[in-house]
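Trainee: how would this look folded up:
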Amino acid sequence: MLTRTRGGAVPNDISYDLPIRYKTTRQTAEKERIAAEAAAMVESAWVVGLNGGTTTTAVARALTLREDLGGLGGDVPAVTVVTNALNIAHELSVRQQIKVVLTGGVLRPQSFELIGSLGRLIPERIRLDIVFFGVNAIDPVDGAFVYHEDQASIVGLLVEHAERVVAVAVAVADRSKLGRHVFSQICEPDQIDVLITDVAAPPNLLRQFEDAGIDVRAV
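Mentor: The predicted structure is shown next:
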């Protein structure tokens, strides 16, 4: 991402999809605020979809702090999380009140996500109360995007099977994810119910998302 110069380095114009292990300490405070807002939307016994990424991982952690969530009794868990992210499943595996469902598929090491045609089998058979998905770019006219087409395919399937769709995006990054496009589209803007971002997002851009019918929450 940098080009060496005499006495230093300058950033390249191209934005790459860095492996998740390099992103975990970036914009931590913003991600925690976004995650808390997202987790507060979940009700007891809901089925929640999460794709991979540092912001959605923060959402998973915020869900574990919701002590008020309780199951309906019997074998119904407090929350069921459906995810294609191995790291999220691993973190939630020790939480007895949370049922974890993995989509299956082929591992993508950069994001710890399961992708590919095998990953489509489970999402096609279930319904989600809500899905939270992280993006590499999101635009009020053209919708949400990620770099990898197989990622987009799995997340798009979760979106199609969810009652409510929430995009989570950090705007304070060096290159804001808002108002941009990358390679592969997840969904159209009319499929997104809520956008949760941080207060660094430009107000004029947020108004464009609101004009597109999206409930925008800058936290």
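Trainee: so where's the protein shaky on pLDDT?
Mentor: Scanning the chain for pLDDT under 70 picks out the ranges 1, 11-26, 71, 172-175.
Trainee: where do the strands of it begin and end?
Mentor: 2-5, 8-11, 46-50, 79-83, 98-102, 106-108, 113-115, 128-134, 137-139, 143-146, 162-168, 184-187, 194-197, 215-218 (DSSP state E).
Trainee: what strands line up against the third one, and which way round?
Mentor: Going back to what we said before, that points to strand 46-50. For strand 46-50, the paired strands and their directions (DSSP bridges) read strand 79-83 (parallel), strand 128-134 (parallel).
Trainee: touching the shortest one from outside, list them.
Mentor: Right, the one you point to is strand 79-83. With contacts defined as CB atoms under 8 Å, 6 or more residues apart in numbering, strand 79-83 is touched by 42, 44-52, 60, 63, 66, 69, 88-89, 92, 97-103, 122-123, 126, 128, 158. Just so you know, the C-beta spots here come from the backbone N, C-alpha and C atoms, and that holds for glycine as well.
Trainee: do the same with the last one
Mentor: Among residues not part of strand 128-134, those counted as contacts by CB under 8 Å, 6+ apart are 38, 41-43, 46-56, 59, 82, 144, 155, 158-159, 161-169, 186.
Trainee: that strand: how far from the chain's middle?
Mentor: 8 Å (CA atoms, centre = their mean, to the nearest Å).
Trainee: hmm, Leu178 is touching Asn204, no?
Mentor: No: counting by CB atoms under 8 Å, Leu178 stays clear of Asn204, with 10.8 Å between them.
Trainee: compare these two (neighbour count), which wins?
Mentor: Taking Leu178 and Asn204 together and counting by other CB atoms under 10 Å, Leu178 has the greater number of neighbours (22 against 8).
Trainee: so for Ala9, which of the strands paired with strand 46-50 sits nearest?
Mentor: strand 128-134 (27.7 Å; CB to CB).
Trainee: and stretch 169-176, end to end?
Mentor: 9 Å (CA to CA, to the nearest Å).
Trainee: and stretch 84-98, by the same measure?
Mentor: Start to finish, the residues bounding stretch 84-98 are 16 Å apart (CA to CA).
Trainee: which positions within that stretch qualify as buried?
Mentor: Asn84, Ala85, Leu86, Asn87, Ile88, Ala89, Glu91, Leu92, Arg95, Ile98 (16 or more other CB atoms under 10 Å).
Trainee: circling back: kindly reformat the strands of the chain as CSV containing distance to Phe209.
Mentor: Shown next, in CSV, are the strands of the chain (distance: least, CB to CB, whole Å):
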stretch, distance to Phe209
strand 2-5, 32
strand 8-11, 27
strand 46-50, 21
strand 79-83, 25
strand 98-102, 30
strand 106-108, 28
strand 113-115, 26
strand 128-134, 15
strand 137-139, 8
strand 143-146, 11
strand 162-168, 9
strand 184-187, 14
strand 194-197, 5
strand 215-218, 5
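Trainee: circling back: can you select the buried ones from the contacts of strand 128-134 in PyMOL?
Mentor: Buried residues among the contacts of strand 128-134 (16+ other CB under 10 Å), as a PyMOL selection:
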select buried, resi 38+41+42+46+47+48+49+50+51+52+53+54+55+56+59+82+144+155+158+159+161+162+165+166+167+168+169+186
